[in-house]
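J.: Compute the structure for the input listed below.
(2 chains)
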Protein chains: 2
Amino acid sequence: MTQNPVLKPFLAVLSGQKQAVPPIWMMRQAGRYLPEYREVRARAGSFLDLCFSPELAAEVTLQPIRRFNFDAAIIFSDILVIPHALEREVRFEVGEGPRLEPLDTPEKARSLAKRADLNRLEPVFEALRLVRRALDPKVTLIGFCGAPWTVATYMVAGQGTPDQAPARLMAYRHPDAFADIIDVLVENSIEYLLRQLQAGAEALQIFDTWAGVLPPREFARWSIEPTRRIVEGIRKKVPDAKIIGFPRGAGALLPAYVEATGVNAVSIDWTAEPAFIRDQVQSRVAVQGNLDPLALIAGGDALDRAVDDVLASYGSGPLIFNLGHGIQPETPIAHVERMLKRVRGKAG
Amino acid sequence: MTQNPVLKPFLAVLSGQKQAVPPIWMMRQAGRYLPEYREVRARAGSFLDLCFSPELAAEVTLQPIRRFNFDAAIIFSDILVIPHALEREVRFEVGEGPRLEPLDTPEKARSLAKRADLNRLEPVFEALRLVRRALDPKVTLIGFCGAPWTVATYMVAGQGTPDQAPARLMAYRHPDAFADIIDVLVENSIEYLLRQLQAGAEALQIFDTWAGVLPPREFARWSIEPTRRIVEGIRKKVPDAKIIGFPRGAGALLPAYVEATGVNAVSIDWTAEPAFIRDQVQSRVAVQGNLDPLALIAGGDALDRAVDDVLASYGSGPLIFNLGHGIQPETPIAHVERMLKRVRGKAG
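T.: I've put the predicted structure just below:
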């Protein structure tokens, strides 16, 4: 008789098994709210230099695990490394966010390379190997990429904008040219994620930060379908790959996303409606989320109540406790500790 | 035997009666995409000067009706006239949006006047009277205010911000002080809307532009409950007042909003999920929306398809055709004409 291997708590949840104490990590957990991160960041030159220095990237990936004993580490990198590997110019201006050469006409779109040079991302794979070696075996290592829609919004606009209108307009005006960009991103994201799995990632997250600006028809075409193809492409090679989707702001479109893409879990933001999510989403896959990052800044009673709300809303099913979006630099570390104590004390 | 008076199409929809051709207007229909608006705007001094010049405000309110024969006119004004009437300093910097004295501590919140001087808003009421007199009787005149939550976000931050974090933080940290601001806004919004009805408004819209950043508990307290109190306060004096709510981005929280507030209709943005809205919202009240303003900029096939999607999604119930958010200055007038022709031709 063979016995099923005992899964780590994080991977067990992704297999649909509820845990008495939900595993916990935080989006952007390696970041400026940590003095030890700021210290490494100051040494690293540009933001991309940090992403592409395996030792430093591994170090900042491990920092929050050492300090907070999270259940998962996410490799320190950025969603725009794929455009970089496609030999698009990508820069990060301090305090300004990313800057790329805009790809905002059908002509420019046609000039885009079909195949990324993934050797340019070897430092990311090396960082994954370093982290995996250093990490407690009970902690899960997460790899990630940006969803094609979200990456394309930056490639088209050349930067972040309040509602990523340039990409939405291009998709309306030149759907075929825009589809070509998406296709390139789909194919290369599959390869990129497979190489992350080879390098030691045990779960993958696909960040579709700008999914929430799309009407249903466009959401189906530009968010759901490319994500579905990525999940399918990964599973063709790694049938049991564990994948988390995060179509931020998808709201009532989430059930269709879950149904079509085949992800094992979805990350939800803090505006989700609990009964809807339980009935329509958590009944099919695990959910991850969804503390308001501002409650974590506020601390005190407001934080306790917000933590309790997440546990009460989603704790009866498979849940990975997380924020609803990235942690903000001004977050007090003591509030993170308070949150952890409450989640682990409360649910235990 | 008395006969029911025949309602104008717009008001009929607010009474739950589906129209074969949905009535149509556009949010921010008086605006910079119109040359005749830009001409008046250039003569008016500041943005608030324009709001407070009855003849000019009436003129720009009427311009889109003359040009497009919309079914409703919305009085030209701004949601920040209430802080102005509360004697807070409110300025509009060109290209920068509003600037107010921030009200970001409990001490400052306590200093807020309880009662607005609504005589300061007499020019708005006068503009309503002028419009009502000039308007074709078949066209409905809409008055409006900002929802207390949304107005408070600007009052606390002193400006618009990407996610109105300052107000959300204040509500977490100092809920009682924040509740005092909300209470002031509720009471004065009731009076302000009642005076708009007296001056000729036949329907009212409550804009909660920033509702979508709130978690469920905060949404219930800061968006639903203040709106419910306003609707109740209005109906105490005008029992059959017709009120449209627009909690932008409320997503799956919309049914709770509709149920609790008692509004006659909700405006929905372009990311709404049709089946969910039909089952959970349009089964109870009329819906207004929800064309993507970027589809209107794009024009052509993309516009036609987007118009058809709105009609196919919501045309089988009580629908007011509108945009999902305000029209943008770069929108070609020819695209507005194409939209109108398609809605009126198609649905007729």
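
J.: Pick out the residue of the stretch 101-250 of chain A closest to chain B.
T.: Closest contact between the stretch 101-250 of chain A and chain B, by Cβ to the nearest Cβ, is at residue A:172 (3.6 Å). C-beta here means a position set from N, CA and C on the backbone, and glycine is covered the same way.

J.: For that residue, grab the count of nearby residues.
T.: 23 (other Cβ atoms under 10 Å in any protein chain shown).

J.: Can you name the residues that contact it?
T.: With contact set as Cβ atoms under 8 Å, 6 or more residues apart in numbering or on different chains, residue A:172 has these partners: B:294, B:295, B:298, B:302.

J.: Ok, residue A:344 next?
T.: Taking Cβ under 8 Å, 6+ apart, one finds A:21, A:24 in contact with residue A:344.

J.: Doesn't it lie inside a helix?
T.: Yes - counting by DSSP: H, G, I helix; E, B strand; the rest coil, residue A:344 is found in a helix.

J.: From residue B:272, how far out is the residue of the stretch 101-250 of chain A closest to chain B?
T.: 18 Å (Cβ to Cβ, to the nearest Å).

J.: Residue A:25 too?
T.: Residue A:25 is 32 Å from residue B:272, by Cβ to Cβ.

J.: Where does pLDDT dip in chain A?
T.: Residues of chain A meeting the criterion pLDDT under 70: A:1-5, A:346-348.

J.: Now do the helices in the stretch 151-300 of chain A.
T.: All helices of the stretch 151-300 of chain A, identified by DSSP state H, counting those that start in this stretch, fall at A:165-173, A:175-198, A:216-218, A:225-237, A:254-261, A:274-277, A:293-298, A:300-314.

J.: how close does residue A:87 sit to residue A:53?
T.: In terms of Cβ to Cβ, residue A:87 sits 20 Å off from residue A:53.

J.: Around chain B, which positions in the stretch 51-200 of chain A sit nearby?
T.: A:162, A:165, A:168, A:169, A:172, A:173, A:175 (Cβ under 8 Å from any Cβ of the partner chain).

J.: burial of residue A:68, as a residue count?
T.: If we define neighbours as other Cβ under 10 Å, then residue A:68 has 18 of them.

J.: Okay, strands next: where are they in the stretch 1-150 of chain A?
T.: For the stretch 1-150 of chain A, strands defined by DSSP state E, counting those that start in this stretch occupy the ranges A:72-74, A:90-93, A:97-100, A:140-146.

J.: What lies in contact with the shortest one?
T.: Around strand A:72-74, the neighbours that count as contacts under Cβ under 8 Å, 6+ apart are A:10, A:23, A:25, A:27, A:29-30, A:61-62, A:64-65, A:131, A:135, A:139-144, A:203, A:205, A:320.

J.: If residue A:245 is in a bridge, with which residues?
T.: Assessed by DSSP bridges, residue A:245 has beta-bridge partners residue A:206, residue A:266.

J.: give me every residue that touches it.
T.: A:147, A:205, A:206, A:208, A:227, A:257, A:258, A:261, A:263, A:265, A:266, A:267.

J.: Of the residues you listed - the most surrounded one?
T.: Ranking those using other Cβ under 10 Å puts residue A:147 first, with 31 neighbours.

J.: Who are the contact partners of the nearest residue in space to it that is not next to it in sequence?
T.: Nearest residue to residue A:147, sequence neighbours excluded (Cβ to Cβ, 6 or more residues apart in numbering or on different chains): residue A:208, at 3.5 Å. Applying Cβ under 8 Å, 6+ apart to residue A:208 gives the contacts A:146, A:147, A:149, A:150, A:223, A:227, A:245, A:246, A:247, A:248, A:250.
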